[in-house]
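In: build the 3D model from these lines:
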Amino acid sequence: MFAEGLLDQQFQQLQMLQDGSTPGFVAEVVTLFCEDSERILTELTKLMDQAVVDYSKVDAYVHQLKGSSSSVGAQNVKLACIQFRQFCEENNKEGCVRALNVVKHEYCHLRSKFETMLQLESRIQAYENKQQN
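Out: Okay, here's the model as predicted:
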């Protein structure tokens, strides 16, 4: 995921915070990120479907998603949010709609990779627990 540019060094920092006393830390952070992102993307879709777009609300949600993405190292989502915010500043509805689609695409791609990663980690943890017993 690093080679694809999906994740940056911030994700490695998260992984370093996980140890024997907090084995599910990364999984919990990733799950919270995904839940929050889904909620924000739903709100953004509703706002962009309005006849008159409240760009300040849109920008606030995009800013929140950008921050969350940055916190977990979701580099492509963060970069897409930066572009989205530029269209918000210009009150450019067409640009915002295109940017929202890019953000959704990048998020869905990352979520799919996260799901695979979490499944593998779960299997590894189950195997290690079985070996210890």
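In: going by C-alpha atoms from here, please, whenever you check contacts or count neighbours.
Out: Noted.
In: point to the residue nearest the middle of this protein.
Out: S69 (4.7 Å; C-alpha atoms, centre = their mean).
In: what's near enough to touch that residue?
Out: By C-alpha atoms under 8 Å, 6 or more residues apart in numbering, S69 lies in contact with 33, 75, 77-78.
In: go again using 10 Å as the cut-off
Out: S69 makes contacts with 7, 10-11, 33-34, 37, 63, 75-79, 81, 107, as judged by C-alpha atoms under 10 Å, 6 or more residues apart in numbering.
In: ok, which stretches of this protein are helices?
Out: Applying DSSP state H to the chain gives helices spanning 9-17, 25-48, 55-72, 75-89, 93-132.
In: about what we covered before: how far away is the residue nearest to the centre of the chain from V77?
Out: Separation of S69 from V77 (C-alpha to C-alpha, to the nearest Å): 6 Å.
In: overlap in contacts, the two.
Out: Contact criterion C-alpha under 10 Å, 6+ apart; residues shared by S69 and V77: 7, 107.
In: shaky segments in the protein?
Out: Along the chain, segments meeting pLDDT under 70 span 133.
In: what's stretch 31-49 in contact with?
Out: Contacts for stretch 31-49 (C-alpha under 10 Å, 6+ apart): 25-30, 53-55, 57-62, 64-66, 68-69, 71-72, 74, 93-94, 96-97, 100-101, 103-104, 107-108, 110-111, 114-115, 118.
In: cutoff 8 Å now
Out: Contacts to stretch 31-49, defined as C-alpha under 8 Å, 6+ apart, come from residues 53-54, 57-58, 61-62, 65, 68-69, 72, 93, 96-97, 100, 104, 111.
In: by neighbour count, which of the residues you listed wins?
Out: V62 (26 neighbours; other C-alpha atoms under 10 Å).
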